[in-house]
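Q: need a structure here:
(one chain, ligands or ions: 2)
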Amino acid sequence: MASLKIPTLKTPSHSLSSKLSLRSAFSANFPNSAHFSRSQPQRGRVLILTSAASSSSSNKPTVLVAEKLGEAGLTLLKEFADVDCSYNLSPEELRSKISLCDALIVRSGTKVNRAVFESSGGRLKVVGRAGVGIDNVDLAAATEHGCLVVNAPTANTVAAAEHGIALLAAMARNVAQADASIKSGKWQRNKYVGVSLVGKTLAVLGFGKVGSEVARRAKGLGMHVIAHDPYAPAERARAIGVELVSFDEAIGAADFISMHMPLTPATSNMLNNETFAKMKKGVRIVNVARGGVVDEEALVRALDAGIVAQAALDVFSEEPPKQDNKLVQHEMVTVTPHLGASTMEAQEGVAIEIAEAVVGALKGELAATAVNAPMVPAEVLLELKPYVILAEKLGRLAVQLVAGGSGVKTVKVSYASSRPDLDTRLLRAMITKGIIEPISDIYVNLVNADYTAKQRGLRITEEHIHLDGSHEIPLEFIKVQIADVKSKFASATSKSGEIKVEGRVKDGIPHLTKVGSFRVDVSLEGSIILCRQVDQPGMIGKVGSILGEENVNVSFMSVGRVAPRKHAVMAIGVDDQPRKESLKRIGEVPAIEESVFLKL
Ligand SMILES: NC(=O)C1=CN([C@@H]2O[C@H](COP(=O)(O)OP(=O)(O)OC[C@H]3O[C@@H](n4cnc5c(N)ncnc54)[C@H](O)[C@@H]3O)[C@@H](O)[C@H]2O)C=CC1
Ligand SMILES: O=C(O)C(=O)COP(=O)(O)O
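A: Numbering: from 1, shown residues only. Ligands and ions are numbered 1, 2, ... in the order given. Have a look, this model is predicted:
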């Protein structure tokens, strides 16, 4: 397996402070628009931005809105960002604009594929999908690029359900065909005799938000409603008088089928030759989900064979469909141009929902509708905040203790906690960030931490040390161990050969409490000098005076020793980075056996 090579360590261009917010967990971090400066690119806390990448002279992030968005959403976005509304961009135009944008907002009409993320040069930090389906966004590529994807999953539910019902009724009564006929001067009352809905069986496939609203409305029309959804809770179905059945039962019993699942590899072409063959002859199909859930050629054949009597389609595998598309032209098919979410009300709601999500994500807040990042509830985030900082700093310290040329492959993290259900995803991500960022150009956040670790051949194992006691404090300590490496500070290596650092949070401030087998206590602010010395009087004074002469402010000092007059490790917190010569002078103090400077 590949391993994470330790090159010369980079000095981070920022210094962490106790003011660090949860922003560091996410990729998109604009503290607020007024303080955001593109001319001073920073890593870690905020986006990697350069003045060359800036398209505007203001300090605000830039949001590209690539498809029509409701006014209320645009107003919200404009309060925080420079908003570029450029509709109908070609793929090439989108790719060339994207490196100037911090966020992109799309609906279903824009393909946000890998090329878009690659063209963004690392600047794009949030993609907002103003709607539900995210099949037009390459989530794997987004994650690999540390780009958060958020959607607006609730505001268009009713609109989509109403459109499903509109298509159901219009299809059953040939509304569209009859309308076209009368407009062409005909009066064909016998040709357009329809079928009734009352008493018929409707199978709702996909019993999520839209599917259940369709079911509720269909029941109001006097239909017998059954549903199939492998993941829907039976109680939810029962509560509205719908029976959940198997897929084969649903399609076998249905007079009408309505599709409401997302397009995924598992649902692609789920209506096909084989499944059409299992349906009742004369079944009628409504699709307001995605064109790709139906094998469209198989549907044409099923229509021509009379297995499917009629279909009503709002969505197509290729949008817009070609003019000679056989389904569009088919007499027994009613079509609309992906109008499910297109009501005034839904579009205003979706616009607000997505604008809030994108602005929140740009501010580094928790994104409640994140699609490609673990969902960590806001209250958990707040509670874990100091531990998040501790986790990143321990990772950062541990990796700086690795000797150049070693390959970091295995990191073991131990969490000592009385909480059996401690959510460690965020902590793990931050340790990964701490380990990878000082030795690479990769920007690591909650979105791409696990992916990046895997890519770099870094295996992070986690262990929970269960403590008895109050559940009030989420964590007693975190221990980070790097195995199978040489250390540039031998004292950081435990008896079993791993580099080991341990820390805990005291009064809300992260502290380093153990290095190897030496207990220390130094707050993790500023930077740290570690020295191993023979435990004897005067050492603190000697090192302190060298730092004083060099004008380096000491914030903290702590000495941990194995036994009096034996070996001791001195941890010195410093506000500024000492000159190389100062560190050399410290190393030359006769009783000092080794020393290392660690930048936090
Ligand atoms: N035509 C339009 O303008 C609109 C289309 N949509 C489409 O409708 C879909 C559903 O939207 P929501 O109900 O809001 O999403 P949702 O996530 O609430 O519901 C989707 C349901 O599909 C189920 N599902 C997943 N795999 C399935 C399978 N193999 N068989 C049966 N069910 C399966 C899920 O368990 C879930 O309950 C969206 O993904 C989107 O593609 C949504 C809004 C507007
Ligand atoms: O929300 C969805 O999934 C939709 O299909 C709506 O698409 P639209 O935003 O109208 O392009």
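Q: F597: neighbouring residues, count only.
A: Residue neighbour count, defined by other CB atoms under 10 Å, stands at 18 for F597. No exception for glycine: its C-beta is placed from N, CA and C like everyone else's.
Q: Look up phi and psi at it.
A: Main-chain dihedrals, F597, degrees, to the nearest 10: phi -100, psi 130.
Q: partners of it in the sheet?
A: I529 (DSSP bridges).
Q: what does G573 give?
A: With DSSP bridges as the criterion, G573 is bridged to I528, F556.
Q: and it, how far is that from ligand 2?
A: With distances taken as CB to the nearest ligand atom, to the nearest Å, G573 is found 52 Å from ligand 2.
Q: Verify the stated contact: that residue with S555.
A: Yes. Assessed by CB atoms under 8 Å, G573 is found in contact with S555 at 4.1 Å.
Q: higher neighbour count, those two?
A: The neighbour comparison of G573 against S555 (other CB under 10 Å) goes to G573, with 21 against 14.
Q: quick one: that one and D484, what's the gap?
A: Applying CB to CB, to the nearest Å, the value for G573 to D484 is 30 Å.
Q: can you check Q188 too?
A: 81 Å.
Q: Let me see the domain layout of this structure.
A: The chain breaks down into these domains under the TED database: 62-151, 156-335, 377-516, 526-599.
Q: Quote the end-to-end distance of the last one.
A: Meaning domain 526-599. Start-to-end span of domain 526-599 (CA to CA, to the nearest Å) is 8 Å.
Q: going forward, begin numbering at 11 instead of 1
A: Fine by me, first position is 11 from now on; the one you just mentioned is domain 536-609.
Q: that older thread, what's the overlap in contacts for G583 and S565?
A: Shared contacts of G583 and S565, defined by CB atoms under 8 Å, 6 or more residues apart in numbering, are found at 533, 535-536.
Q: Using CSV, list the CA coordinates for stretch 387-401.
A: Provided in CSV are the C-alpha atoms of stretch 387-401 (Å, rounded to 0.1, in the frame of the first residue of the first chain):
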residue,chain,number,x,y,z
PRO,A,387,-26.3,17.7,14.5
ALA,A,388,-25.7,21.4,15.5
GLU,A,389,-25.8,20.7,19.2
VAL,A,390,-23.2,17.9,18.8
LEU,A,391,-21.0,20.3,16.8
LEU,A,392,-21.2,23.0,19.4
GLU,A,393,-20.3,20.6,22.2
LEU,A,394,-17.4,19.0,20.2
LYS,A,395,-15.9,22.4,19.2
PRO,A,396,-12.9,22.4,21.5
TYR,A,397,-12.3,18.7,20.9
VAL,A,398,-12.3,19.4,17.1
ILE,A,399,-9.5,21.9,17.6
LEU,A,400,-7.7,19.5,19.9
ALA,A,401,-8.0,16.7,17.3
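Q: Flag every buried residue along that stretch.
A: Of the residues in stretch 387-401, those buried by neighbour count under the rule 16 or more other CB atoms under 10 Å are 390-391, 394-401.
Q: How about stretch 239-254?
A: So, applying 16+ other CB under 10 Å, buried residues of stretch 239-254: 239, 242, 247, 252, 254.
Q: which of those residues come close to ligand 1?
A: Applying CB under 6 Å from any ligand atom, the subset of the buried residues of stretch 239-254 adjacent to ligand 1 comprises 239, 242.
Q: can you redo the buried residues of stretch 239-254 as CSV with secondary structure and pLDDT?
A: Converted to CSV, the buried residues of stretch 239-254 look like this (DSSP: H, G, I helix; E, B strand; the rest coil; pLDDT from 0 to 100):
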residue, secondary structure, pLDDT
D239, coil, 95
A242, coil, 91
A247, helix, 94
V252, coil, 97
L254, strand, 96
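Q: and this protein, which of its residues are near ligand 1?
A: Counting by CB under 6 Å from any ligand atom, the residues of the chain that sit close to ligand 1 are 141-143, 163, 166-167, 170, 215-221, 238-242, 270-273, 276-277, 298-300, 324-325, 348, 350-351.
Q: Mind jotting down where the helices sit in the stretch 311-460 of the chain?
A: Assigned by DSSP state H, counting those that start in this stretch, the helices in the stretch 311-460 of the chain fall at 336-339, 354-372, 388-410, 435-446, 459-465.
Q: ah, wrong one, I meant the stretch 111-260 of the chain
A: In the stretch 111-260 of the chain, the helices defined using DSSP H, counting those that start in this stretch lie at 124-129, 149-154, 167-182, 185-193, 219-230, 244-249, 257-263.
Q: What is the last one packed up against?
A: Read that as helix 257-263. strand 211-215, strand 234-238 (3 or more CB pairs under 8 Å, 6 or more residues apart in numbering; DSSP states H and E).
Q: returning to what we had before: ok, of the buried residues of stretch 239-254, which one's closest to G597?
A: Checking the buried residues of stretch 239-254 against G597 with CB to CB, the nearest one is A242 at 65.9 Å.
Q: ok, now which ones touch that closest one?
A: Contacts of A242 (CB under 8 Å, 6+ apart): 217-218, 221-222, 254.
Q: what's the distance between it and A249?
A: For A242 relative to A249 (CB to CB), the value is 11 Å.
Q: same deal with N335?
A: 40 Å.
Q: and if you look at L456?
A: Distance, L456 to A249, using CB to CB: 35 Å.
Q: interface residues of the stretch 61-210 of the chain facing ligand 2?
A: Counting by CB under 6 Å from any ligand atom, the stretch 61-210 of the chain comes close to ligand 2 at 117-119, 140-143, 166.
Q: Looking at the stretch 11-160 of the chain, what residue ends up closest to ligand 1?
A: The minimum distance from the stretch 11-160 of the chain to ligand 1, using CB to the nearest ligand atom, falls at G143 (3.1 Å).
Q: How many residues are close by that residue?
A: Applying other CB under 10 Å, we find 19 residues neighbouring G143.
Q: contacting residues around it?
A: Contact analysis of G143 by CB under 8 Å, 6+ apart lists 118, 272-273, 299-300.
Q: Of the residues you listed, select the buried ones using a PyMOL command.
A: The PyMOL command for the buried members of those (criterion: 16+ other CB under 10 Å) is given here:
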select buried, resi 118+273+299+300
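Q: Dump the contacts of G143 to a markdown table, plus pLDDT and secondary structure.
A: Compiled in a markdown table, those are given as follows (pLDDT from 0 to 100; DSSP: H, G, I helix; E, B strand; the rest coil):
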| residue | pLDDT | secondary structure |
| --- | --- | --- |
| S118 | 97 | coil |
| P272 | 95 | coil |
| L273 | 95 | coil |
| A299 | 98 | coil |
| R300 | 98 | coil |
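Q: which stretch of helix or strand covers I492?
A: Under the criterion of DSSP states H and E, I492 resides in strand 487-493.
Q: other SSEs contacting that strand?
A: The elements that strand 487-493 packs onto, with contact taken as 3+ CB pairs under 8 Å, 6+ apart, are helix 388-410, strand 420-427, helix 435-446, strand 509-516.
Q: which ones are touching the residue in the chain positioned nearest to ligand 1?
A: Across the chain, the shortest distance to ligand 1 (CB to the nearest ligand atom) belongs to G218, at 1.8 Å. By CB under 8 Å, 6+ apart, the contact set of G218 is 239, 242, 270-271.
Q: Kindly report the same for G209.
A: 232-234.
Q: Same check on S130?
A: By CB under 8 Å, 6+ apart, the contact set of S130 is 108-109, 111, 155, 157.
Q: so which of those is the most crowded?
A: Most surrounded of those: other CB under 10 Å gives C157, at 29 neighbours.
Q: Quick check: pLDDT value at that residue.
A: Listed pLDDT for C157 reads 94.
Q: I'd say it and L134 touch.
A: Yes. Counting by CB under 8 Å, C157 does reach L134; the two are 5.4 Å apart.
Q: Find residues that contact each of those two.
A: By CB under 8 Å, 6+ apart, the residues touching both C157 and L134 are F127.
Q: tell me the contacts of the nearest residue to E472 once chain neighbours are set aside?
A: Spatial nearest neighbour of E472, excluding adjacent residues (CB to CB, 6 or more residues apart in numbering): V423 at 5.1 Å. Contact analysis of V423 by CB under 8 Å, 6+ apart lists 434, 437-438, 441, 470-473, 488-491.
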